[in-house]
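Colleague: next come a sequence and a model predicted from it.
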Amino acid sequence: MELLNKQTPTNVDIFNMAWPMALRAVMMFSIVIIDLYLVSSLGDEAVASIGIATVITGALMGITFAFANATQIKVAQAFGTENTTALNTAFLCGLIINGVIVFVGVALIVLFGERAVLAMAHSESIAEGAAGYLRIFILVMVAEALSAVLTSFFNGCGRTRLAFYSFLISAPVNVGLSVLLIFGLYGFPELGLLGAAWGSFLGAMLRLLYLAAMYCIWNRFLIRDWQAIKAGLGKATLSHFNFSWPIAATFVSMTLTNQVCMAIYANLPLAQFAAMTLIMPWIRIAGQLSYTWTQATGILVAQMLGKSFNSTLLDEFLSRAWRGAFKAALVVAIIYALIIYSTEWIYADLSKDTRAALFSFLPIMLILPFPRVSNAICGNVLRAAGDSKSSMNIHLIANWLFIVPFTAFSILVLDVSVTWVFALFLAEELVKFPLFHRRIWKKEWQQIQV
């Protein structure tokens with residue numbers, strides 16, 4: 001294996017790890033958008049059916065991705081130690097945990113999924129479409145849960161391009177087969193809504209097979225180390241879970257916070273609510289460009305801790321990474337400005353009030369990336385050092401003691417404009433800022449023994 005040498009990584013190393021992760025994240029968003037666009041030609045009921053199925057499957061997939069993110073850190077720590085037994089143990093522990101989670105989740109969906117669909121659907125035909133889509137999408141969830149662990153393995157080893165390549169291979173298959181099966185082109189059966197689900201499954205399976213093949217080719221140590229791995233696998237899996245669950249809890253908290261806040265936003269005037277609904281996906285997509293920089297920083301910190309780098313070298317690396325992160329944040333701020341000024345032709349039919357609300361967000365969006373990326377570096381570094389509970393606690397404080405109650409109070413009691421409501425995103429980052437940075441500056445995280 002190609003392991004890090006005893007020098008601190010450069011910003012070029014961070015960039016080389018970050019850009020494949022950023023493009024992969026953008027491609028994931030794009031595939032969802034393309035699928036919805038294709039299905040939209042079948043009518044509003046087809047779109048509603050996918051929306052209902054996504055509500056049921058989204059939480060489970062998010063939890064498996066969160067646990068896979070924790071596996072990424074454990075793999076990176078083991079990779080730094082140059083111990084192949086520890087490396088493969090971390091991978092297998094992540095695979096076991098994700099396998100159990102997806103098994104339990106699928107069992108719950110099989111038992112209660114149709115009832116949930118009936119409760120949410122506005123008509124019998126929507127419920128029927130959602131139930132059929134859900135039955136096939138269960139297979140997608142299984143494939144994606146396993147692929148997420150393989151992706152985390154390669155990311156933790158610094159080989160982020162392999163996961164990106166898997167999307168380059170699978171995305172055209174996903175979209176192409178979806179088109180053929182939705183509309184029944186060139187002799188393929190016309191499956192309508194179910195065609196989109198089958199296209200997603202075949203794309204997910206292709207990605208899984210590619211990543212599994214790369215694992216077998218690149219990592220030839222599993223069989224050699226199997227006896228040592230097997231002896232401590234049970235204890236290692238429990239330790240892995242104890243490290244991982246705060247990261248998953250952070251994800252669940254953030255997801256619930258977003259859902260609660262969206263429900264509160266619905267009380268805004270229509271034009272203002274439309275502006276919030278339109279801007280949120282763009283913030284997430286563009287924000288990936290800086291967030292993946294912080295993820296790559298966390299991976300490299302975990303590798304450095306595994307190699308027992310001293311405090312001076314860790315500080316040197318983080319100082320350089322932080323400067324690079326602010327440059328990435330500047331790029332994101334520029335993209336935000338371009339998005340706002342492009343809404344006139346992206347959404348040509350928007351009302352003047354909605355367009356005015358979007359433009360009122362711009363000053364906040366130009367500042368927001370900077371504290372957000374700095375906080376994200378802190379969170380990823382703490383998780384890299386095994387201090388995932390501190391990161392979780394800070395997010396819980398910001399989510400449930402600040403953003404949710406202040407959003408509710410601002411809209412339901414004070415009846416403020418949407419600009420002030422949007423400003424709460426910046427205020428949330430400023431609340432987290434001293435909590436995260438104080439934890440980093442104490443430097444207790446540098447004392448981890450991997």
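Modeller: Sure, I can see it.
Colleague: helices or strands up against the host helix or strand of residue 283?
Modeller: Element membership of residue 283 [criterion: DSSP states H and E] is helix 270-306. Here helix 270-306 touches helix 11-40, helix 44-81, helix 124-156, helix 226-265, helix 311-346, helix 352-360, helix 369-384, helix 418-442, going by 3 or more CB pairs under 8 Å, 6 or more residues apart in numbering; DSSP states H and E. Using the backbone N, CA and C atoms, a C-beta is placed for each residue, glycine as well.
Colleague: can I get the ones you listed in JSON lines with mean pLDDT?
Modeller: Putting these into JSON lines (pLDDT from 0 to 100) gives the following:
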{"stretch": "helix 11-40", "mean pLDDT": "79"}
{"stretch": "helix 44-81", "mean pLDDT": "82"}
{"stretch": "helix 124-156", "mean pLDDT": "88"}
{"stretch": "helix 226-265", "mean pLDDT": "84"}
{"stretch": "helix 311-346", "mean pLDDT": "90"}
{"stretch": "helix 352-360", "mean pLDDT": "89"}
{"stretch": "helix 369-384", "mean pLDDT": "93"}
{"stretch": "helix 418-442", "mean pLDDT": "93"}
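Colleague: of all these, which one is nearest residue 194?
Modeller: Proximity to residue 194 (CB to CB) singles out helix 124-156 among the helices and strands packed on helix 270-306, at 5.5 Å.
Colleague: roughly how far is the closest one from the heart of the chain?
Modeller: Here helix 124-156 is found 15 Å from its chain centre; the criterion is CA atoms, centre = their mean, to the nearest Å.
Colleague: any chance of a markdown table for the helices and strands packed on helix 270-306, columns distance to residue 187 and mean neighbour count?
Modeller: Shown next, in a markdown table, are those (distance: least, CB to CB, whole Å; neighbours: other CB atoms under 10 Å):
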| stretch | distance to residue 187 | mean neighbour count |
| --- | --- | --- |
| helix 11-40 | 19 | 17 |
| helix 44-81 | 23 | 22 |
| helix 124-156 | 21 | 22 |
| helix 226-265 | 42 | 16 |
| helix 311-346 | 37 | 16 |
| helix 352-360 | 45 | 18 |
| helix 369-384 | 49 | 25 |
| helix 418-442 | 50 | 18 |
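Colleague: any chance of the ones you listed in a markdown table, plus distance to residue 178?
Modeller: As requested, the helices and strands packed on helix 270-306 are exported to a markdown table (distance: least, CB to CB, whole Å):
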| stretch | distance to residue 178 |
| --- | --- |
| helix 11-40 | 6 |
| helix 44-81 | 12 |
| helix 124-156 | 12 |
| helix 226-265 | 26 |
| helix 311-346 | 24 |
| helix 352-360 | 31 |
| helix 369-384 | 33 |
| helix 418-442 | 34 |
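Colleague: circling back to that earlier point, avg pLDDT for the helix holding residue 283?
Modeller: Confidence over helix 270-306, taken as the mean pLDDT, stands at 86.
Colleague: so what's the residue nearest the centre of the chain up against?
Modeller: Nearest residue to the geometric centre of the chain (CA atoms, centre = their mean): residue 65, 6.8 Å. Contacts for residue 65 were tallied using CB atoms under 8 Å, 6 or more residues apart in numbering; they are 148, 251.
Colleague: okay, the residue of the chain most remote from its centre: pLDDT?
Modeller: Relative to the C-alpha centroid of the chain, counting by CA atoms, centre = their mean, residue 187 is the outermost residue, at 37.2 Å. Residue-level confidence at residue 187 comes out at 82, pLDDT.
Colleague: any idea how far it lies from residue 203?
Modeller: When CB to CB, to the nearest Å is the yardstick, residue 187 and residue 203 sit 20 Å from each other.
Colleague: please report how far residue 100 lies from residue 272.
Modeller: The spacing between residue 100 and residue 272, counted by CB to CB, is 43 Å.
Colleague: settle it for me: which of the two has more neighbours?
Modeller: residue 272 (23 against 13; other CB atoms under 10 Å).
Colleague: pretty sure the more buried one contacts residue 416?
Modeller: No. In this structure, residue 272 sits apart from residue 416 without contact. The criterion is CB atoms under 8 Å, and the distance is 10.2 Å.
Colleague: check contacts around residue 231.
Modeller: For residue 231, no contacting residues are found, by CB under 8 Å, 6+ apart.
Colleague: mind redoing it with 10 Å?
Modeller: residue 85 (CB atoms under 10 Å, 6 or more residues apart in numbering).
Colleague: now do residue 319
Modeller: For residue 319, the contact set (CB under 10 Å, 6+ apart) comprises residue 8.
Colleague: what do you get for residue 427?
Modeller: Residues counted as contacts of residue 427 (CB under 10 Å, 6+ apart) are 364, 371, 398, 402-403, 406, 420.
Colleague: out of those, who has the most neighbours?
Modeller: When these are compared by neighbour count (other CB under 10 Å), residue 398 ends up highest, at 24 neighbours.
Colleague: how close does that one get to residue 143?
Modeller: Applying CB to CB, one obtains 34 Å for the distance of residue 398 from residue 143.
Colleague: likewise residue 95?
Modeller: Residue 95 is 13 Å from residue 143, where distance means CB to CB.
Colleague: my read is that residue 368 contacts residue 337, right?
Modeller: No. Taking contacts as CB atoms under 10 Å, residue 368 lies outside contact range of residue 337: 11.8 Å.
Colleague: one step back: out of the helices and strands packed on helix 270-306, flag the one nearest residue 183.
Modeller: Distance to residue 183, taken as CB to CB, is lowest for helix 11-40 among the helices and strands packed on helix 270-306, at 8.5 Å.
Colleague: packing partners of that closest one?
Modeller: In terms of contacts (3 or more CB pairs under 10 Å, 6 or more residues apart in numbering; DSSP states H and E), helix 11-40 is packed against helix 44-81, helix 124-156, helix 160-183, helix 193-218, helix 270-306, helix 311-346.
Colleague: any chance of the ones you listed in a markdown table with distance to residue 109 as columns?
Modeller: Listed next are the helices and strands packed on helix 11-40 as a markdown table, based on distance: least, CB to CB, whole Å:
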| stretch | distance to residue 109 |
| --- | --- |
| helix 44-81 | 6 |
| helix 124-156 | 6 |
| helix 160-183 | 22 |
| helix 193-218 | 14 |
| helix 270-306 | 25 |
| helix 311-346 | 36 |
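Colleague: who wins for proximity to residue 22 among these?
Modeller: Comparing the helices and strands packed on helix 11-40 by CB to CB, helix 270-306 comes nearest, at 4.2 Å.
Colleague: which parts of this protein belong to which domain?
Modeller: Per automatic domain parsing, the domain ranges recorded for the chain read 1-245, 266-450.
Colleague: okay, the angle between the helix or strand hosting residue 108 and helix 44-81?
Modeller: Assigned by DSSP H and E, residue 108 falls within helix 84-120. In terms of direction (axes from the mean of the first three to the mean of the last three CA atoms, to 10 degrees), helix 84-120 departs from helix 44-81 by 160 degrees.
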